[in-house]
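**Student:** the following block contains a protein sequence and its predicted model.
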Number of protein chains: 2
Amino acid sequence: MEFTIVGAGMAGAFLALSLGRQGHVVTVYDRRPDPRETASAVTSMNLGLSRRGLAALDHLGLSEEVRRLVVPMQGRMLHNTDGGLRFSAYGEGGILAIQRQDLSALLVEEASRVPGVRFVFDMRCTGVDRDLPSASFVDAKGQALVVKPDVVVGADGAFSAVRRFMHHEQRAEFSQSYLDWGWRELHIPAAADGTHRMADDVFHLWPRGDIMMFAHPNRDGSFTCSCVLPFHGTHGFDSLRTAADVESLFRKHFPDVLSLVPDLGETFLRQPTFNLVTVSTAPWTYEGKVVLIGDACHAVYPFLAQGMNSAFEDALELTESLAHHPNSTSSALTRYYSRRKPNTDALATMSHRNFAELRDTVRSPAVRLERACDSVLEKVLRHRWMPLHAMVTNTTVPYAKALHRATRQHRILKYSAATALSAVAAAAVRRLRR
Amino acid sequence: MEFTIVGAGMAGAFLALSLGRQGHVVTVYDRRPDPRETASAVTSMNLGLSRRGLAALDHLGLSEEVRRLVVPMQGRMLHNTDGGLRFSAYGEGGILAIQRQDLSALLVEEASRVPGVRFVFDMRCTGVDRDLPSASFVDAKGQALVVKPDVVVGADGAFSAVRRFMHHEQRAEFSQSYLDWGWRELHIPAAADGTHRMADDVFHLWPRGDIMMFAHPNRDGSFTCSCVLPFHGTHGFDSLRTAADVESLFRKHFPDVLSLVPDLGETFLRQPTFNLVTVSTAPWTYEGKVVLIGDACHAVYPFLAQGMNSAFEDALELTESLAHHPNSTSSALTRYYSRRKPNTDALATMSHRNFAELRDTVRSPAVRLERACDSVLEKVLRHRWMPLHAMVTNTTVPYAKALHRATRQHRILKYSAATALSAVAAAAVRRLRR
């Protein structure tokens, strides 16, 4: 079959590789330039590659190549305002930090080596006729192109053009929601001897309630920091007007970073602010002709680091569904959608909660207590108990199942806490009565 | 000031009149033809004009003219499957049935008599530059036009083009959601002598759980019926393939209508199916330059009959806010938005609940019991107790306040029911002990 994929990002390039390996003819169009040739102008949060992403890459025989590009992170390092550090392990496997540009270039390169797979860059999608189906593009010089494949795939991100054309005048559910927080990137360069200036095998986190920062290690000894602030209010981007404002914020909240970023204040003010959007929609398919994957159908807040991982899972499920229904693309797309939707809905719920939890890690004793109990129970009960974060990060358990199990575990913990409290109260009463 | 309003429907035409009366220069563009000249090709649910809509029309001195176009409805008449009828009164004022076409033509006519107000039909909005601001249109012949007013108003409905251009690449909240039900219109003609073939002063309702129908009386002796069915399933539009299917459905659920609609089966199959969409978004304004009103910012399910009424309230609030801040359009638009948003959010919540309640009116004893208590308490406590439906329909109490009061009343009822039950239980126990 012939596929047109719109978007050569993580989702699109991975799907091209996966479909190409199955013998399909695939052309991928992207409005951006070739990631193998151009260093991306847009900075972007470094990626966290966790178990399920790695399993997907392994499925396509890429895990060896990818391992050369990553920095393994064994756990997270909490930075206190007094400079104190607290480490908590991720558990088996950990998370791998990888730069978007590196992985993107690798996927495009690998996919274009497969016969029948082709990439065309600098082509903007201007329309999709969902009934033919066809897709229209215009190149950098304004030249138009119309292609008529068997299936058009929208892998064109949270603001997907394919989605818009596919849903036009359909009864489609759609919601987009933004956090009142945004983020800016900062760079901590390597030390003079090329080594990392903080621990190089952990995810660094500075949770401060309303504001937070985190940093991923890079292979060249540097770190990429993401500074998450509200748009408005005392600590908001709005209020940071001068280099002195920025430095005073860092001195108070992130003092250990102040000396690590050269010219921090000015650099921070020059950086663009990125938004945090979550997108939910239904359906993801139109007959056997158009289908969405990745952010185009389920963009989530990035703090659980599952955006790319879930897009890879989409791509594999789609490929598998096509193999499962070789004579009915329509049944294949329906199978793909009905198997993925509950899981990405669960992911959205978890990503939402995770943001609040991340911000409050330092402040909320309840969150810390539950975390501690979780870890103890995990050790005692082994495979019969697993904290949510571990299920999401260290396993390939479907998201919906992970959320369901975690909800049950949470209920057990709450019930146990209540029972323990009653026991203590009963004991106290007995003591009083004596 | 100079305004460009996109959309000459209820919201746009009413706003044009309201702004024109304040001395503003207003041009309204609509992609449809002039409602005064063409009978609308698209059928559409008849409108229910309730107290707040009437108060708004009165504010512009139109209530006299409007009263000539309406049919007053004193309450609703429930039709049982055995042909039995049950009447429940709306309370003071009732609701006025009016045909969209009539009111639309009246508003356009009245507005265009105001110096400075102008309507241009058959013009489709193709773009809005929110920073200038400007709006671009194209007429039926493909001729383009660009206008540069002080403020561009999006009164262009649930699928607003102005909203899309205003929110482009902004951090805008947006959601649209469809019911799995749709509706088709049917017409019950007048009797040979020109009279109505059912009671002519009530809203007729056939609630059947999963499906329902209702009918508004028209001035010419006819009724406009709206038949609400799920899209799929046994009673769904999908399953009604032949005239016999339709007639068998009506024989079972709406037997008293079967003989009133000529050639019911074939007519029903020829009618288009309309969707039921709810739209929520934020913000509604862009600086002092672009603003949304009506369905463009808060489309709701139509069963509370408040769509038009709330759009009129928007228009008055916007006009008043402009008068309140004569030197800062930006402050005026912000005031308008912050005063209307909580109310239209409350309306969306109520419209949502109302649909479930309407469908279940017949089936749920709890709903009926609470309704009955509500009515009794209303009579006993007079102005200190009012059922939600009465607050929405018979008053101009802001929606958010109405919802808040109803929630409190609901809690009191539940608490009283629990207290009553405990009293009964206690009495029983005392009796047993004797």
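**Tutor:** Received, thanks.

**Student:** residue in chain A nearest to chain B?
**Tutor:** A:Ser175 (3.6 Å; Cβ to the nearest Cβ). C-betas here are computed from N, CA, C, even on glycine.

**Student:** wait, what's in contact with A:Asn354?
**Tutor:** For A:Asn354, the contact set (Cβ atoms under 8 Å, 6 or more residues apart in numbering or on different chains) comprises A:Tyr301, A:Phe303, A:Leu304.

**Student:** quick check on the nearest residue to the first one once chain neighbours are set aside: phi, psi?
**Tutor:** By that I understand A:Tyr301. Nearest non-adjacent residue to A:Tyr301, counting by Cβ to Cβ, 6 or more residues apart in numbering or on different chains: A:Ser351, 4.6 Å away. With angles defined as degrees, to the nearest 10, A:Ser351 sits at phi -70, psi -40.

**Student:** wait, what's in contact with the closest residue to A:Tyr29 other than its chain neighbours?
**Tutor:** Using Cβ to Cβ, 6+ apart and skipping the chain neighbours, the partner closest in space to A:Tyr29 is A:Met123 (4.4 Å). Neighbouring residues of A:Met123 by Cβ under 8 Å, 6+ apart: A:Tyr29, A:Asp30, A:Arg31, A:Phe137, A:Val138, A:Asp139, A:Leu145.

**Student:** strands - which of those land there?
**Tutor:** Using DSSP state E, the subset of those located in strands is A:Tyr29, A:Phe137, A:Val138, A:Asp139, A:Leu145.

**Student:** going through the residues you listed, which ones are buried?
**Tutor:** A:Tyr29, A:Phe137, A:Val138 (16 or more other Cβ atoms under 10 Å in any protein chain shown).

**Student:** the last one touches A:Val146, doesn't it?
**Tutor:** No. A:Val138 sits out of contact with A:Val146 when judged by Cβ atoms under 8 Å, with a separation of 10.3 Å.

**Student:** re earlier: which residues touch the residue nearest to A:Tyr301?
**Tutor:** A:Ser351 makes contact with A:Thr278, A:Val300, A:Tyr301, A:Pro302, A:Phe303, A:Leu304, A:Gln306, according to Cβ under 8 Å, 6+ apart.

**Student:** re the thing from before, distance of the residue of chain A closest to chain B relative to B:Ala427?
**Tutor:** Distance, A:Ser175 to B:Ala427, by Cβ to Cβ, to the nearest Å: 52 Å.

**Student:** neighbour-wise, which of the two wins?
**Tutor:** Neighbour comparison, A:Ser175 and B:Ala427: the larger count goes to A:Ser175, with 15 against 10 (by other Cβ atoms under 10 Å in any protein chain shown).

**Student:** pretty sure that one sits against B:Thr278.
**Tutor:** No. Counting by Cβ under 8 Å, A:Ser175 sits too far from B:Thr278 to count as a contact (11.1 Å).

**Student:** overlap in contacts of those two?
**Tutor:** Contact criterion Cβ under 8 Å, 6+ apart; residues shared by A:Ser175 and B:Thr278: B:Gln176, B:Ser177.

**Student:** just the buried residues of stretch A:281-293, please?
**Tutor:** A:Thr281, A:Ala282, A:Pro283, A:Trp284, A:Thr285, A:Tyr286, A:Gly288, A:Lys289, A:Val290, A:Val291, A:Leu292, A:Ile293.

**Student:** same deal with stretch A:96-115?
**Tutor:** Across stretch A:96-115, burial judged by 16+ other Cβ under 10 Å covers A:96-112, A:114.

**Student:** looking at it now, give me its mean pLDDT.
**Tutor:** Averaging pLDDT along stretch A:96-115 yields 94.

**Student:** quick one: that stretch to chain centroid distance?
**Tutor:** Between the centre of stretch A:96-115 and the centre of its chain there are 17 Å (Cα atoms, centre = their mean, to the nearest Å).

**Student:** just checking, which of the contacts of A:Ser351 belong to strands?
**Tutor:** Those of the contacts of A:Ser351 mapping onto strands are A:Thr278, per DSSP E.

**Student:** now the contacts of A:Ser351 as JSON lines including pLDDT and neighbour count?
**Tutor:** Formatted as JSON lines, the contacts of A:Ser351 follow (pLDDT from 0 to 100; neighbours: other Cβ atoms under 10 Å in any protein chain shown):
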{"residue": "A:Thr278", "pLDDT": "95", "neighbour count": "19"}
{"residue": "A:Val300", "pLDDT": "94", "neighbour count": "25"}
{"residue": "A:Tyr301", "pLDDT": "91", "neighbour count": "22"}
{"residue": "A:Pro302", "pLDDT": "87", "neighbour count": "23"}
{"residue": "A:Phe303", "pLDDT": "85", "neighbour count": "24"}
{"residue": "A:Leu304", "pLDDT": "86", "neighbour count": "26"}
{"residue": "A:Gln306", "pLDDT": "91", "neighbour count": "25"}
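
**Student:** tell me the bridge partners for A:Tyr178.
**Tutor:** Beta bridges link A:Tyr178 to A:Val277, judged by DSSP bridges.

**Student:** which residues touch it?
**Tutor:** Going by Cβ under 8 Å, 6+ apart, A:Tyr178 touches A:Asn275, A:Leu276, A:Val277, A:Thr278, B:Arg171, B:Ala172, B:Glu173.

**Student:** just to check, the first one is in contact with B:Gln170?
**Tutor:** When you say that, I think you mean A:Asn275. No. In this structure A:Asn275 lies outside contact range of B:Gln170 using Cβ under 8 Å: 9.3 Å.

**Student:** of those two, which one has the most company?
**Tutor:** Using other Cβ under 10 Å, the more surrounded residue of A:Asn275 and B:Gln170 is A:Asn275, with 14 against 11.

**Student:** okay, that one: pLDDT?
**Tutor:** A:Asn275 is assigned a predicted lDDT (pLDDT) of 92.

**Student:** tell me which residues touch it, please.
**Tutor:** A:Tyr178, A:Leu179, A:Gly182, B:Arg171.

**Student:** and the third one, which of the three is it?
**Tutor:** Which is A:Gly182. The local conformation at A:Gly182, judged by DSSP: H, G, I helix; E, B strand; the rest coil, is strand.

**Student:** and for it, the neighbour number?
**Tutor:** For A:Gly182, the count of nearby residues is 19 (other Cβ under 10 Å).

**Student:** can you name the residues bridging to it?
**Tutor:** With DSSP bridges as the criterion, A:Gly182 is bridged to A:Leu229.

**Student:** relative to A:Met198, how far out is it?
**Tutor:** With Cβ to Cβ as the criterion, A:Gly182 and A:Met198 are 24 Å apart.
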